[in-house]
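In: Here you go, sequence then predicted model.
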Amino acid sequence: MRRVLFELLDVSLARGERRVLDSVSVGIPEGATAIVGPSGAGKSTLLRLLNRLADPDAGTISYRDRPLDSYDPLALRREVSLVPQLPALLEGTVASNIAYAARLAGKPAGPEHCLRLAGLDPDFAARDVSKLSVGEQQRAMLARALVQEPAVLLLDEPTSALDHAARDAIEATLAELRRELEISVVLVSHDPEQARRLGDWVVRMQEGRVTDSGPLAEVLA
Amino acid sequence: MSTSIHVSTGQVAATLALVALAAAISLWRKADLERDIGIATLRSFVQLTAIGYVITLIFEADTLWLVLALLVVMVVFGALTARSRAKKVPGAFWPLLVALATAGATTLGLVVALGVFEATARYLVPVGGMVIGNAMTASAVALNRLGDEMEDSRGRIEATLALGATATEAAAPSVRRALRSGMIALVDSTKTTGLIFFPGTMVGMLLAGADPTDAVRLQLILLYALLGSVAIAGLVATTLAYRNFFTPAQQLREL
Ligand SMILES: Nc1ncnc2c1ncn2[C@@H]1O[C@H](COP(=O)(O)OP(=O)(O)OP(=O)(O)O)[C@@H](O)[C@H]1O
Ligand SMILES: [Mg+2]
């Protein structure tokens, strides 16, 4: 089997009365992992734990065989980049957002390249983010994450607001990133077909629990 | 500037007619404020009368320790009052306390050091009261806005943290807007002062029979001092308070 990227052991998280994650134990290998399950299953919550936007109430998470909390959270987030479910760009232009992310990661800000990777035309760089459609914002968010050249991309339903053409472009980019830069991807998706197209490992969740996980062929047979 | 006038209790009682008018309007138009008008009238009477006696005592004693004690009490009550207007900010009391104390100490310290006022009870008590009062309003408005901003911008702040930004960087736009809204009221009213309204000190001095030039100069001194104190209070309050929204691991707290 491939090397394990994330290892979760008995991870639980409550919000109010609700057990949002309930003793989750699962391994996520390098490569492309799809997290699937119905709405409210805890998929986004799980993803947020992986770059420490939140910490579990109980249980342990490790990343590349080291406890997640032994990493500096800022450095971890630049290496393990999360693109949230709801687009939330900073005020300004697409280019200023990309430059901001590049500066944080100490990377050169080349908006054209990452815009193209995210399926956006380069003249989007000068556009004001408040005047973008949701689908365009989603792709600008992805472009902003890509400029940081992360080793792992955590994508929360990155194509939920896109039409088929735009979705296909993003899926092609993700396949290419994996092939050429060996970026690992953890992708939350509502759509089993997307998981089939992109994932080689699948984690299935329901009501805060992992009900199944394994190679694509076994879980989504 | 040694003017003095005498105001009788009868004159005060006579103006209650206007309070009655206010209550009548509220009753007539069902604004449902009669009770509050009553409470406000009573409280202002009791509080100002009490503070009047306290100030008389302090003026007579003329020791700086008593002045300092009164200013400390104002700072503490100011911070408590401001906290009740910043309910969405966790642990708002300490930032507010430090903000009011810093604003009061710096502003009074500077006007005394620059030789504008003497360090005596007669100057420090009223000027201190105004400085701390305005600092309180400004920091309450700033933290109230900060609470709203942090609530409304959760998604954006988390998305920024997810890029590896620090809490300070992620909160910067919210902190900037909060500070701005704390300061803007005084800046705007300073712009229009004399055109649309006459500030209180000037009115008071004119009523007391002072020379208009003196009244204007004193008012300008106070307005400029207040601008400084409001800026310091807003800066200190927002800078200390935004941290309470984050954990040491640069996560946005669940509230
Ligand atoms: N801060 C919170 N307070 C209360 N409940 C929360 C909080 N965060 C998440 N939840 C609840 O936890 C559950 C899981 O949420 P999560 O966002 O992880 O679901 P999801 O699987 O990503 O769903 P979707 O597919 O709709 O995005 C939901 O029922 C949600 O209401
Ligand atoms: Mg979700």
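Out: Received, thanks. Residues are numbered from 1 along each chain as shown, chains lettered A, B, ... in the order given. Ligands and ions are numbered 1, 2, ... in the order given.

In: can you list the weak-confidence ranges in the chain?
Out: Went with chain A since none was named. Applying pLDDT under 70 to chain A flags residues A:1.

In: please go with chain B instead
Out: Using pLDDT under 70, chain B drops low at B:1-4.

In: Measure how buried the residue in it that ligand 2 sits nearest to is and give me the count.
Out: Using CB to the ion, the closest approach of chain B to ligand 2 is made by B:Gly155 at 12.4 Å. Every C-beta, even on glycine, is put in place using the N, C-alpha and C of the backbone. Look at B:Gly155: counted by other CB atoms under 10 Å in any protein chain shown, it has 14 neighbours.

In: Three-state assignment for B:Gly10, please.
Out: Three-state call for B:Gly10 (DSSP: H, G, I helix; E, B strand; the rest coil): helix.

In: Next, count neighbours for it.
Out: Neighbour count of B:Gly10, defined by other CB under 10 Å: 7.

In: go on, B:Asp211?
Out: By other CB under 10 Å, 12 other residues sit near B:Asp211.

In: and chain A, which of its residues are near chain B?
Out: Residues of chain A found near chain B (CB under 8 Å from any CB of the partner chain) are A:15, A:51-55, A:69, A:73-75, A:77-78, A:81-84, A:86-91, A:100-101, A:104-105, A:141, A:144-145, A:148.

In: out of those, which are buried?
Out: The neighbour-count test (16 or more other CB atoms under 10 Å in any protein chain shown) applied to the residues of chain A next to chain B identifies A:51-55, A:73-74, A:77-78, A:81-84, A:86-90, A:100-101, A:104-105, A:141, A:144-145, A:148 as buried.

In: So which of these belong to helices?
Out: A:73-74, A:77-78, A:100-101, A:104-105, A:141, A:144-145 (DSSP state H).

In: For ligand 1, state which of these is nearest.
Out: Taking CB to the nearest ligand atom as the measure, ligand 1 lies nearest A:Met141 of these, at 15.6 Å.

In: Return the residues in contact with that closest one.
Out: The contact partners of A:Met141, by CB atoms under 8 Å, 6 or more residues apart in numbering or on different chains, come to A:83-84, A:87-89, B:159.

In: Kindly recompute the last result at 6 Å.
Out: Applying CB atoms under 6 Å, 6 or more residues apart in numbering or on different chains, we find A:Met141 in contact with A:83, A:87.

In: do the same with B:Thr102
Out: Shown in contact with B:Thr102 (CB under 6 Å, 6+ apart): B:232, B:236.

In: Roughly how far does the residue sitting furthest away from the middle of chain A sit from ligand 1?
Out: No residue in chain A sits farther from the centre than A:Glu17, which is 27.2 Å out by CA atoms, centre = their mean. Distance, A:Glu17 to ligand 1, using CB to the nearest ligand atom, to the nearest Å: 9 Å.

In: follow-up on the earlier one: any chance of the ones in helices among the buried ones among the residues of chain A next to chain B in a markdown table, with distance to ligand 2 too?
Out: Formatted as a markdown table, those follow (distance: CB to the ion, whole Å):
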| residue | distance to ligand 2 |
| --- | --- |
| A:Pro73 | 22 |
| A:Leu74 | 24 |
| A:Arg77 | 19 |
| A:Arg78 | 23 |
| A:Tyr100 | 25 |
| A:Ala101 | 22 |
| A:Leu104 | 25 |
| A:Ala105 | 25 |
| A:Met141 | 15 |
| A:Arg144 | 19 |
| A:Ala145 | 17 |
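
In: ok, which pair from those is furthest apart?
Out: Farthest apart among those by CB to CB are A:Pro73 and A:Met141. That separation is 20.0 Å.

In: what helix or strand does the nearest residue to B:Ala231 once chain neighbours are set aside sit in?
Out: The spatial neighbour of B:Ala231 that comes closest, neighbours along the chain excluded (CB to CB, 6 or more residues apart in numbering or on different chains), is B:Met183 at 5.9 Å. Following DSSP states H and E, the helix or strand that holds B:Met183 is helix B:167-192.

In: A:Leu216: what's it in contact with?
Out: A:199-200, A:202.

In: Distance-wise, check it relative to A:His190.
Out: As judged by CB to CB, to the nearest Å, A:Leu216 and A:His190 stand 17 Å apart.

In: any idea how chain B splits into domains?
Out: B:1-61, B:64-245 (automatic domain parsing).

In: Out of those domains, which gets nearest to A:Ala41?
Out: With respect to A:Ala41, and counting by CB to CB, the nearest of those is domain B:64-245 at 20.0 Å.

In: near chain A, which residues of the stretch 101-250 of chain B show up?
Out: B:155-156, B:158-159, B:162-165, B:249-250 (CB under 6 Å from any CB of the partner chain).

In: rerun that using 7 Å as the cut-off
Out: B:155-156, B:158-166, B:173, B:249-250 (CB under 7 Å from any CB of the partner chain).

In: Now, those that are in helices?
Out: B:155-156, B:158-161, B:173.

In: just the buried members of the residues you listed?
Out: B:156, B:158-161, B:173.

In: Pipe those into CSV and attach distance to A:Tyr63 per row.
Out: Listed next are those as CSV, based on distance: CB to CB, whole Å:
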residue, distance to A:Tyr63
B:Arg156, 26
B:Glu158, 19
B:Ala159, 21
B:Thr160, 21
B:Leu161, 17
B:Pro173, 30
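
In: nearest to ligand 1, of those?
Out: Distances from ligand 1 to these, taken by CB to the nearest ligand atom, are shortest for B:Glu158, at 11.2 Å.

In: does that closest one really touch B:Gln251, like I thought?
Out: No. B:Glu158 lies out of contact with B:Gln251 (CB atoms under 7 Å); the separation is 8.5 Å.

In: any common contacting residues for those two?
Out: A:Leu53 (CB atoms under 7 Å, 6 or more residues apart in numbering or on different chains).

In: show me what contacts the closest residue to ligand 2 within chain A?
Out: The nearest approach of chain A to ligand 2 comes at A:Ser44, 3.1 Å away (CB to the ion). The contact partners of A:Ser44, by CB under 7 Å, 6+ apart, come to A:85, A:156, A:188.

In: redo that, cut-off 10 Å
Out: Residues near A:Ser44 by CB atoms under 10 Å, 6 or more residues apart in numbering or on different chains: A:20, A:35, A:82, A:84-86, A:156-157, A:188.

In: Need those in CSV (columns: distance to ligand 1).
Out: CSV is the format used below for these (distance: CB to the nearest ligand atom, whole Å):
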residue, distance to ligand 1
A:Val20, 4
A:Ile35, 8
A:Leu82, 13
A:Pro84, 10
A:Gln85, 6
A:Leu86, 9
A:Asp156, 7
A:Glu157, 7
A:Val188, 6
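
In: next helix or strand past the host helix or strand of the residue of chain A closest to ligand 2?
Out: In this structure, A:Ser44 sits in helix A:43-50 according to DSSP H and E. Per DSSP H and E, helix A:43-50 leads on to strand A:58-63 as the next helix or strand towards the C-terminus.

In: Run through the helices of the stretch 101-250 of chain B in chain order.
Out: For the stretch 101-250 of chain B, applying DSSP state H, counting those that start in this stretch gives helices covering B:121-152, B:154-161, B:167-192, B:200-207, B:212-241.

In: neighbours of residue 140, just the number please.
Out: I'll assume chain A. Other residues within reach of A:Ala140, judged by other CB under 10 Å, total 27.

In: Chain B was what I was after
Out: B:Ala140, neighbours per other CB under 10 Å, totals 25.
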